[in-house]
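**Student:** Predicted structure and sequence below. I'll ask about it afterward.
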Amino acid sequence: MFEPKIVAFFCKWCTSAGADLAGTSRMTYKPNIIGIRVMCSSRVDPEHILNAFKNGADGVLIGGCHPGDCHYQSGNYKTLKRITLLRKMINDLGIDKNRLRLEWISAAEGKRFTQVIDGFTDEIQKLGKLKIEQL
Amino acid sequence: MAKPKVAFYWCASCGGCEEAVVDLAEDILTVTDAVDIVLWPVALDFKKKDVEAMQDNEIAVSFINGAIRTSEQEEMVNLLRKKSGLVVAFGSCAHIGGIPGLANFSNREEIFDYVYTKTPSTMNPAKTTPQTNTVVDGYELEIPEFYNTVKTLDQTIDVDYYLPGCAPPLDLIMNAVMAILKGELPEKGAVLAPDKSLCDTCPRNDSKPEKLMMSEIKRPHTVEMDPEKCFLAEGVICLGPATRSGCGERCINANMPCRGCFGPVKGVSDFGAKSLSAIASIMGIEGEEKMTDEDIQKLVDQIADPAGLFYMYSLPSSLLRRKVMK
């Protein structure tokens, strides 16, 4: 069975706290993600995402605060626009846009955190390994 | 004392960079007074064997334009690297891939298939395509190999300096030549142009509103553009925020938005990703908190070809370097 590698960027204030809640509540989820905590989802530069794909990630997940909840007022709105545009662009570059996903997960949503991780892992499993020629 | 030797060479390019050297006009006499040109295929009759006969590092500096697309180009730049003290990547194609680099949205098979069978003017029932080795009447013929992927010069050989631009502007060429002659060169690997972004030096900078915002995306051919106003403020995508300055704002002065031929500002590795980031951030910024996912998708879909737009000049130098082929 193909075990995908997923790089996941979580904002410190919401999604990362949601992950902590899932952990302290002893919820289980698939072990395919490599989590990276950032101060805000808008800190994730499209360069970071392309770098992840280039270096072997089969999927990239970004987790941020729900609209209206951003600790920095409007960071997550910027993220939404960038990721929407980037999904379109990577699709044209031969990387299925569904390999990149943005989710809003709050600090209270431990359960939802595990569901998102499991769901995204399943989806990447179906898409298969991302084969990028190393030039 | 013998004059320093200089070589000019071209790879996958349009010839515009050669034109830029010719455009130096009388200034080229200053250059030829100070140096001996030992190779310049477009203008002078020196051959590969002349270069092969030289000592290593005998050429003071080689200016190489064009991207690397064939085995012949690769062989020639390796030879020039061996014979040259300094190598300067001259122009966008050598620097970041340039327009020939757009071929990386495709591959050799697709290109040959289109060019040699599918173009409307082609009659090729036997589907003959160029072969690196062919036997004709008992003789083996060899032509250079056409590579699957276009590369920049520094992905092929070690490069000392970069002169950006499509084509590089005359003042930057002269500055570079003079700096080399005087031995006043910056650290190795430097781009011989300012480190600022184009917006910083743009003549329309004053017309840029305090808060830039694009509520809709207009393509240049669909609008009459105000010759004084910031393109972004008018809803026309301009890549000035992410592009290195120094071009002399030639496109802006011709009322066309920037497309990034100078490549990224210092410290950026993927021009397309950075310009995408800059443009996406100012799209619909007024009232962004009220926009639904569908509203944002609609706005984003107004950019017809984001990959082609943001990587117009820089696909081979991007992180992925090419489209991932099935």
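**Tutor:** Yep, that arrived. Numbers count the residues shown, from 1 in each chain, chains lettered A, B, ... in the order given.
**Student:** Now whichever residue of chain A sits closest to chain B: phi and psi?
**Tutor:** In chain A, the residue that lies nearest chain B is A:Gly94 (3.3 Å; CB to the nearest CB). C-betas here are computed from N, CA, C, even on glycine. Per-residue torsions, A:Gly94: phi 90, psi 10 (degrees, to the nearest 10).
**Student:** My guess is it contacts B:Arg321. True?
**Tutor:** No: assessed by CB atoms under 8 Å, A:Gly94 is found out of contact with B:Arg321, at 11.7 Å.
**Student:** so what's A:Phe9 up against?
**Tutor:** A:Ile36, A:Arg37, A:Val38, A:Ser41, A:Val44, A:His48, A:Val60, A:Leu61, A:Ile62, A:Gly63 (CB atoms under 8 Å, 6 or more residues apart in numbering or on different chains).
**Student:** Just those residues: which are in helices?
**Tutor:** A:His48 (DSSP state H).
**Student:** Can you pick out the most distant pair from the contacts of A:Phe9?
**Tutor:** A:Arg37 and A:Val60 (14.9 Å; CB to CB).
**Student:** more neighbours, the two?
**Tutor:** Neighbour count, other CB atoms under 10 Å in any protein chain shown: between A:Arg37 and A:Val60, A:Val60 has more, with 26 against 14.
**Student:** which residues does the more buried one contact?
**Tutor:** Here A:Val60 is in contact with A:Ile6, A:Val7, A:Ala8, A:Phe9, A:Ile49, A:Ala52, A:Phe53, A:Arg99, A:Leu100, A:Arg101 (criterion: CB under 8 Å, 6+ apart).
**Student:** For B:Gly16, see how far away it is.
**Tutor:** Distance of A:Val60 to B:Gly16, given as CB to CB, to the nearest Å: 38 Å.
**Student:** Mind putting the contacts of A:Phe9 into CSV with pLDDT?
**Tutor:** Output for the contacts of A:Phe9, formatted as CSV (pLDDT from 0 to 100):
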residue, pLDDT
A:Ile36, 98
A:Arg37, 98
A:Val38, 98
A:Ser41, 97
A:Val44, 97
A:His48, 97
A:Val60, 98
A:Leu61, 98
A:Ile62, 98
A:Gly63, 98
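**Student:** Please identify the helix or strand for A:Ala52.
**Tutor:** helix A:46-54 (DSSP states H and E).
**Student:** Which strands or helices does that helix pack on?
**Tutor:** strand A:59-64, helix A:75-92, helix B:271-282 (3 or more CB pairs under 8 Å, 6 or more residues apart in numbering or on different chains; DSSP states H and E).
**Student:** cutoff 10 Å now
**Tutor:** strand A:6-11, strand A:33-38, strand A:59-64, helix A:75-92, strand A:100-104, helix B:271-282 (3 or more CB pairs under 10 Å, 6 or more residues apart in numbering or on different chains; DSSP states H and E).
**Student:** Next, the angle from it to strand A:59-64.
**Tutor:** Helix A:46-54 and strand A:59-64 meet at an angle of 150 degrees, taking axes from the mean of the first three to the mean of the last three CA atoms, to 10 degrees as the criterion.
**Student:** For the residue of the stretch 1-150 of chain B at minimum distance from chain A, give me its contacts.
**Tutor:** Nearest residue of the stretch 1-150 of chain B to chain A: B:Thr149, at 5.9 Å (CB to the nearest CB). Each residue near B:Thr149 by CB atoms under 10 Å, 6 or more residues apart in numbering or on different chains is listed here: A:133, A:135, B:68-69, B:101, B:103-104, B:107-108, B:155, B:315-316, B:321-323, B:325.
**Student:** so how far is B:Asp113 from it?
**Tutor:** For B:Thr149 relative to B:Asp113 (CB to CB), the value is 17 Å.
**Student:** OK, contacts around B:Phe231?
**Tutor:** Taking CB under 10 Å, 6+ apart as the test, what B:Phe231 contacts is B:202, B:204, B:207-208, B:214, B:218, B:220, B:223, B:225, B:237-240, B:251-252, B:255-258.
**Student:** before we move on, the earlier item: for the residue of the stretch 1-150 of chain B closest to chain A, which non-adjacent residue is spatially closest?
**Tutor:** The shortest distance from B:Thr149 to any non-neighbouring residue, by CB to CB, 6 or more residues apart in numbering or on different chains, is to B:Arg322 (5.2 Å).
**Student:** now swap in A:Leu80 and tell me
**Tutor:** In space, and not counting its chain neighbours, A:Leu80 is closest to B:Ile296: 6.0 Å by CB to CB, 6+ apart.
**Student:** try B:Ile37
**Tutor:** Closest to B:Ile37 by CB to CB, 6+ apart is B:Val6, at 5.5 Å.
**Student:** The one you found in helix, strand or coil?
**Tutor:** Assigned with DSSP: H, G, I helix; E, B strand; the rest coil, B:Val6 falls in the strand class.
**Student:** before we move on, what about the one 3 residues further on?
**Tutor:** Applying three-state DSSP to B:Tyr9 yields a three-state assignment of strand.
**Student:** Contacts only, for B:Gly308.
**Tutor:** Contacts of B:Gly308 (CB under 10 Å, 6+ apart): A:Met89, A:Asp92, B:Leu102, B:Phe105, B:Gly272, B:Leu315.
**Student:** Likewise for A:Lys131?
**Tutor:** Here A:Lys131 is in contact with A:Asp58, A:Gly94, B:Val324, B:Met325, B:Lys326 (CB under 10 Å, 6+ apart).
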